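Chemist: pasted the sequence and its predicted model underneath.
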Amino acid sequence: MLTTTRRIHWRAIVLVAGLTAACGTGSGGIGAVGCSTGSEGSKPPAAAAAPAADRKYFLEAVDDAAVIQLYADGFSSLPLKEKTLIWHLYQAALAGRDIFIDQKHRNALEMRALIEAVVAHPQGVDPATLAQVHRYAKLFWINNGPYNNLTAQKFVMQLPPAAFATAVKAAVTGGAVVTPPVGESIDAMLTRLNPMFFDPAVDPIVTAKTPPPGKDILSASANNLYSGVSLADLKGFTEKYGLNSRLVKQPNGTLVEEVYRVGGRYSKEITEIVRHLEAAIPYASEPMANALRALVAFYRSGEKADREKYDIAWVNDKASAVDTINGFIEVYLDARGVKGGWEGLVFYVNPEKTERIRKFADNAQWFEDRMPYDEKFRKPMVKGIVANAIDVVVETGDSGPVTPIGINLPNDQAIREQHGSKSVSLSNVGEASDKGTPGTMRNEFSWAPEEAERSRMHGSLAGELLTDMHEVIGHASGRQADGFKGSPQDAIKQYFSALEEGRADLVGLYFIADPKLAELGIVPAAEQDAIARTQYEAYTRNALTQLRRVRRGTQIEEDHMRNRQMVVKWLMANTKAIEVRQRDGKTYYVMADAKAFRDGVGRLLAEVQRIKSTGDFAAAKALFDAHGIHFDAKVRDEVVARVESLKLPSYTGFVMPKLTPVTDASGAVTDVTVSYPLDLTAQMLEYSGAKK
């Protein structure tokens with residue numbers, strides 16, 4: 001699973017810059033992706049990295065989203081072999097980008113083609129109309145489709161449909177290429193897609209884990225992981241390709257799995273991913289090459305056994321300085337928590353920042369032996385935890401532009417227990433987020449000046465520690481009860497992801513105050529109490545401030561938001577650690593007793609681990625129904641008003657570094673350069689092959 005800048009995930013291995021000649025595109029309704037190439041004898045781009053002091057991080061705000069530039073310091077100093085390896089992996093990450101957009105909604109790629117036609121060919125388009133289309137396009141790019149990444153709710157274009165249709169036709173006149181399905185005119189295409197662009201009541205929620213009356217979690221969800229399938233249809237049906245298939249109900253009632261593999265659904269994209277992965281193999285270390293070969297085998301067959309071989313090979317690559325996560329991994333998009341969203345991520349180890357996170361990995365057994373849950377749920381021998389701080393080069397699909405800040409994989413519980421796991425902390429993502437995000441949020445929602453000052457002094461380190469422990473000793477901890485059969489995901493169903501994120505958070509919250517951290521030199525002993533208190537206060541505030549993201553309705557759908565809400569609300573209900581206070585008409589969540597907070601965290605962690613280890617669906621449902629899903633709309637409205645008065649963002653999307661190959665007269669790569677677009681629109685149009 002992974003930790004994002006505004007969320008925290010657990011991942012089963014798995015997710016933007018210039019493309020090469022053979023970027024992918026696809027089957028299943030996916031249109032062609034344009035590519036750019038490194039020309040023969042090409043030179044480095046002019047936009048080189050600026051000195052750190054002069055860097056621009058915050059680029060723009062789009063509604064409640066901040067757009068921030070990500071920097072990859074250290075890339076230019078890598079050996080040519082590693083740069084070339086990263087270049088091929090980078091192309092593989094770009095080649096699969098459209099898969100996830102198609103998974104988000106069956107119409108999403110067609111919608112993107114129309115809005116990008118207008119943005120890339122603005123001549124003759126009414127300026128006010130163009131501004132609204134461009135706003136919608138930026139939200140679409142940031143969220144990989146027409147749904148907010150955090151709330152799962154649809155956002156709509158703030159235009160009359162006729163104005164948008166006029167803009168599309170003007171763009172076509174200006175040279176844009178729009179290709180409706182065979183037998184359909186542009187007018188008919190616009191009419192068919194109008195409800196998705198303009199009507200918030202049509203397909204309103206991409207993933208509905210708490211459906212409205214009369215619907216189940218599949219029929220209420222608008223994603224493209226299922227077609228015509230309800231929960232009732234699954235009775236008696238056994239999925240062979242649960243993670244990597246789309247499930248379709250045929251007119252005769254038969255269920256068919258459209259498998260994601262070469263020759264199956266998304267064959268064109270996957271074929272291109274495979275081509276770039278195979279091109280990377282000669283530049284990889286042997287352990288990494290073994291993992292890439294295994295990934296290619298899985299992409300060709302789609303078989304679970306090959307996916308498991310890849311997971312094991314990937315975990316066993318413990319020393320490579322460069323790595324990738326590429327595939328159908330996280331199951332957050334699926335209300336059932338079964339089907340994987342596609343993602344691609346490429347990174348290299350930052351050795352200067354790795355020391356701390358490896359201390360957690362090296363001492364994982366010490367922490368496991370002291371978990372505050374039943375000994376029978378502890379691992380007697382923690383295996384193979386690999387932990388690194390990394391710098392990201394590119395993230396696409398389910399991991400970008402809204403990106404994680406921490407990752408722990410694989411998700412397969414049996415493989416984790418037998419072979420171990422790998423954890424990474426995305427150091428350049430955390431740095432860019434910190435430097436590109438305003439600090440006024442802490443002042444507005446802190447009860448006392450001392451709390452705000454602690455956050456200013458210790459907040460960055462406290463947050464990094466929670467992320468490190470969440471990923472390294474959180475997700476890697478615990479085991480299933482003796483005799484438990486199947487997987488905890490299958491047993492706990494739609495509550496599993498939120499439960500697992502809460503479990504990993506609770507591990508970090510519990511141990512951040514343990515003297516062991518000072519003993520290991522991870523924190524200064526004299527400052528540990530202040531650091532722990534800072535994190536407890538920040539975690540408590542977050543349960544209040546995160547409500548600003550859910551501006552419609554009174555329930556939370558996103559798993560990481562659910563987990564944080566659950567932890568804080570449970571502590572409110574069962575301890576004296578947190579108080580709700582009012583001042584000047586404003587609500588504050590105040591962490592009032594650090595000892596009670598940690599004691600409560602230990603008690604809750606014991607119960608959450610029991611639920612996971614035994615697969616107790618009823619207890620998971622009761623826990624989240626009581627504490628993690630529902631909230632008071634009046635409190636939310638107050639929080640939104642406070643945030644809007646300060647013009648603060650609710651979430652962040654990143655513009656990725658751009659790689660460009662330098663070649664000699666023979667076409668051989670002699671260097672790969674990195675530059676920074678500083679422009680979301682330019683990057684996204686380049687990815688799609690559109691011209692402006």
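Modeler: Structure received.
Chemist: okay, now the unreliable bits of the stretch 201-350 of the chain?
Modeler: In the predicted model, the stretch 201-350 of the chain carries no residue with pLDDT under 70.
Chemist: helices of that one, residue ranges please.
Modeler: Residue ranges of the helices in the stretch 201-350 of the chain, as given by DSSP state H, counting those that start in this stretch, are 267-280, 286-301, 304-316.
Chemist: ok, which of these comes nearest Lys353?
Modeler: helix 286-301 (20.9 Å; C-beta to C-beta). For every residue, glycine as well, the C-beta is placed using N, CA and C.
Chemist: show me where pLDDT drops low in this structure?
Modeler: Applying pLDDT under 70 to the chain flags residues 1-53, 384, 438-439, 691-692.
Chemist: longest strand of it, counting residues only.
Modeler: Among the segments of the chain that qualify as a strand by DSSP state E, the longest is strand 385-397.
Chemist: CA atoms only: put it into PDB for me.
Modeler: Only the C-alpha atoms of strand 385-397 are listed here, as PDB (Å, rounded to 0.1, in the frame of the first residue of the first chain):
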ATOM      1  CA  ILE A 385      12.000  -5.900   4.800                       C
ATOM      2  CA  VAL A 386      13.800  -3.600   2.400                       C
ATOM      3  CA  ALA A 387      13.400   0.100   3.100                       C
ATOM      4  CA  ASN A 388      14.800   3.100   1.100                       C
ATOM      5  CA  ALA A 389      14.300   6.800   0.700                       C
ATOM      6  CA  ILE A 390      13.800   7.400  -3.000                       C
ATOM      7  CA  ASP A 391      13.500  10.200  -5.600                       C
ATOM      8  CA  VAL A 392      10.700   9.800  -8.100                       C
ATOM      9  CA  VAL A 393      11.300  10.400 -11.800                       C
ATOM     10  CA  VAL A 394       7.700   9.800 -13.000                       C
ATOM     11  CA  GLU A 395       4.300   8.600 -11.700                       C
ATOM     12  CA  THR A 396       1.300   7.800 -13.900                       C
ATOM     13  CA  GLY A 397      -2.000   6.100 -13.600                       C
END
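Chemist: right, and the helix or strand after it?
Modeler: Beyond strand 385-397 in the direction of the C-terminus, DSSP states H and E gives the next helix or strand as strand 404-409.
Chemist: that following strand: partners in the sheet, and parallel or antiparallel?
Modeler: Strand 404-409 has these partner strands in its sheet, going by DSSP bridges: strand 2-4 (antiparallel), strand 421-426 (antiparallel).
Chemist: so how far is stretch 628-646 from its chain's centroid?
Modeler: Computed by C-alpha atoms, centre = their mean, to the nearest Å, the chain-centroid distance of stretch 628-646 equals 24 Å.
Chemist: what does that stretch rub up against?
Modeler: By C-beta atoms under 8 Å, 6 or more residues apart in numbering, the list of residues contacting stretch 628-646 from outside reads 64, 210, 438, 440-441, 444-445, 498, 502, 544-545, 547-548, 550-551, 554-556, 562-563, 565-566, 569, 585-587, 650.
Chemist: would you mark the buried spots in that stretch?
Modeler: For stretch 628-646, a neighbour-count test (16 or more other C-beta atoms under 10 Å) marks 628-631, 636, 638-640, 642-643 as buried.
Chemist: give me the subset of the contacts of stretch 628-646 lying in strands.
Modeler: Assignment to strands by DSSP E places the following of those there: 586-587.
Chemist: are any of the contacts of stretch 628-646 buried, and which?
Modeler: With neighbours counted using 16+ other C-beta under 10 Å, the contacts of stretch 628-646 contain these buried positions: 64, 210, 441, 444-445, 498, 502, 544-545, 547-548, 550-551, 556, 562-563, 565-566, 569, 587, 650.
Chemist: center of the chain - which residue?
Modeler: Nearest to the geometric centre of the chain sits Ser399, at 3.9 Å (C-alpha atoms, centre = their mean).
Chemist: which helices and strands does the longest strand of the chain pack with?
Modeler: helix 80-95, helix 97-104, strand 342-349, helix 354-362, strand 421-426, helix 427-436 (3 or more C-beta pairs under 8 Å, 6 or more residues apart in numbering; DSSP states H and E).
Chemist: in terms of secondary structure, what does the longest one contact?
Modeler: Just to be clear, that refers to helix 80-95. Helix 80-95 makes packing contacts with helix 267-280, strand 322-328, strand 342-349, strand 385-397, strand 658-663, strand 669-675 when contacts are defined by 3+ C-beta pairs under 8 Å, 6+ apart.
Chemist: dump those into JSON lines; add mean neighbour count and distance to Ile205 as well.
Modeler: Compiled in JSON lines, the helices and strands packed on helix 80-95 are given as follows (neighbours: other C-beta atoms under 10 Å; distance: least, C-beta to C-beta, whole Å):
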{"stretch": "helix 267-280", "mean neighbour count": "22", "distance to Ile205": "26"}
{"stretch": "strand 322-328", "mean neighbour count": "27", "distance to Ile205": "22"}
{"stretch": "strand 342-349", "mean neighbour count": "27", "distance to Ile205": "21"}
{"stretch": "strand 385-397", "mean neighbour count": "26", "distance to Ile205": "20"}
{"stretch": "strand 658-663", "mean neighbour count": "21", "distance to Ile205": "34"}
{"stretch": "strand 669-675", "mean neighbour count": "19", "distance to Ile205": "38"}
